[in-house]
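Chemist: Predicted model and sequence below, questions to follow.
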Amino acid sequence: MATIVNARDVLLQAAVSRLNTATLPANMPVDFSNVIGGTRPANNADVTVTAINGSISVTGGGITLSGGGAIKGGQTAYDTGTGFFLGYSSSTYRFSIGNSSGNKLTWNGSTLSVVGAITGASSISIGSGAFLVTGLGLAYAAQLSGGNGDFYNGDALASTASSAVKGTNTGPSAPGVHGYSSYTSGNGHGVRGENANGSSGLVGPANGYDFYAEGSGTNYGPFTGSHDALVPIGTAVQVGQILVDVAVVERGGISSTICEVALSTTAGQPGAIGVASIVPRALNELIPNAFIDFTAGTDANGNPSPKSSYLAACFTYEHLAINAVGEGQVLVCNEGGDLAIGDLIVTSSTAGTGMKQADDIVRANTVARCREAVTFSGPGDIKTVACIYVCG
């Protein structure tokens with residue numbers, strides 16, 4: 001213990017005794033301005049921001065935004081402004097990048113949407129599902145190839161009046177659509193068109209023709225040529241019945257007219273034009289060629305514009321397709337007797353039904369040439385007979 005020399009020493013000794021036993025309060029605040037040293041941060045500095053600006057490496061764990069917060073740049077909120085947003089908005093996690101009023105990619109919690117063009121330096125692969133264009137959008141491709149491409153225009157948002165596939169070529173010699181099949185069997189078609197309700201399967205003008213076939217083999221087969229025709233709404237017509245002309249309803253170009261027709265009713269009736277290949281259907285399901293106004297061009301979907309007479313006809317007539325040339329069948333009764341191969345067929349007194357012609361001279365009222373032997377059981381027996389149409 002130190003030796004006390006004077007009163008001052010007494011006071012110092014007492015102070016030391018108190019300091020040895022003093023306890024400072026926990027978490028005692030110290031004003032940062034009272035801290036000295038050449039490396040201390042500025043007063044009230046946020047050292048977290050300094051650390052982030054100096055880059056942070058996350059080697060484990062991660063950054064979790066739980067029910068709030070966002071990482072963003074440029075965009076002030078989800079899909080607002082130009083830049084990016086990744087965070088929690090309107091009770092769900094969302095993501096947006098790009099220009100909210102222009103090209104962008106967004107995820108709203110349930111739907112991933114892209115506005116603008118998608119450009120791939122190499123291929124863009126879709127493992128499963130489909131590439132869809134909904135609404136009135138279009139998909140363009142300079143070159144498109146695939147093992148099995150399916151273009152379907154059946155979405156509820158799509159315009160069902162538009163083509164599922166449309167090819168346009170502005171060059172001097174190449175076709176708008178070219179189909180090639182390396183499969184050499186009879187069903188290896190380069191292009192195949194079909195329509196579920198029995199109307200046109202393939203349409204296209206070329207070289208002055210509505211349909212033009214070229215090649216060194218058989219150009220067109222099997223061959224059956226049909227006419228558009230009209231019957232008054234409510235007329236009952238069966239497939240295979242014979243029809244006769246009544247009146248011309250509309251004229252197109254030099255190669256197109258459409259007439260009102262009716263079932264044949266008398267034996268050897270002149271004016272027979274052919275045999276019904278479908279039952280009557282609503283005229284507004286299609287625009288027959290004679291009703292197309294070719295001077296008006298097409299609408300935005302590429303569909304032809306109808307003449308003013310078309311609307312009136314839709315309230316009066318139904319459409320019918322009539323086989324007139326080529327191969328097919330026809331309803332025949334026993335009124336002229338049994339048939340042999342090569343016999344000619346004319347109308348009978350049974351409505352819409354043919355019978356054996358009395359001679360073998362093709363006349364103005366001859367409907368068809370029989371291609372099979374037919375024996376009838378008696379009066380009223382009607383059969384469907386294979387034939388070659390010669391009346392249209």
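Modeler: All right, it came through fine.
Chemist: Identify the residue spatially nearest to Ala368, adjacent ones excluded.
Modeler: Cys387 (3.8 Å; Cβ to Cβ, 6 or more residues apart in numbering). The C-beta positions use only the backbone N, C-alpha and C, and glycine is treated the same way.
Chemist: Just list the residues touching the one you found, thanks.
Modeler: Taking Cβ atoms under 8 Å, 6 or more residues apart in numbering as the contact definition, Cys387 lies against Glu327, Gly328, Gln329, Val330, Ile345, Ala368, Arg369, Cys370, Arg371.
Chemist: Just the buried ones from the residues you listed, in PyMOL syntax?
Modeler: Buried residues within the contacts of Cys387, as defined by 16 or more other Cβ atoms under 10 Å, are selected in PyMOL through the command that follows:
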select buried, resi 328+329+330+345+368+369+370+371
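Chemist: remind me which residues of the stretch 101-250 of the chain are low pLDDT?
Modeler: Low-confidence segments of the stretch 101-250 of the chain, defined by pLDDT under 70, span residues 126-164, 171-174, 184-189, 193-208, 210, 214-219.
Chemist: show me where it has strands.
Modeler: Along the stretch 101-250 of the chain, the segments classed as strands by DSSP state E, counting those that start in this stretch run 104-107, 112-115, 224-232, 242-251.
Chemist: I'd like those strands laid out as CSV, including mean neighbour count and distance to Lys166.
Modeler: Rendered in CSV, the data for the strands of the stretch 101-250 of the chain read as follows (neighbours: other Cβ atoms under 10 Å; distance: least, Cβ to Cβ, whole Å):
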stretch, mean neighbour count, distance to Lys166
strand 104-107, 17, 28
strand 112-115, 11, 23
strand 224-232, 20, 24
strand 242-251, 18, 28
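Chemist: Mind checking those for the one nearest to Ile322?
Modeler: For the strands of the stretch 101-250 of the chain, the distance to Ile322 is smallest for strand 224-232, at 4.7 Å, taking Cβ to Cβ.
Chemist: Just name whatever secondary elements the closest one is in contact with.
Modeler: In terms of contacts (3 or more Cβ pairs under 8 Å, 6 or more residues apart in numbering; DSSP states H and E), strand 224-232 is packed against strand 257-263, strand 272-276, strand 317-333.
Chemist: looking at those, which is closest to Gly37?
Modeler: Across the helices and strands packed on strand 224-232, the minimum distance to Gly37, taken as Cβ to Cβ, is reached by strand 317-333, at 97.7 Å.
Chemist: which parts of that closest one are buried?
Modeler: Within strand 317-333, the residues scored as buried using 16+ other Cβ under 10 Å are 317-326, 328-333.
Chemist: would JSON lines of the helices and strands packed on strand 224-232 with mean pLDDT be doable?
Modeler: Output for the helices and strands packed on strand 224-232, formatted as JSON lines (pLDDT from 0 to 100):
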{"stretch": "strand 257-263", "mean pLDDT": "97"}
{"stretch": "strand 272-276", "mean pLDDT": "96"}
{"stretch": "strand 317-333", "mean pLDDT": "96"}
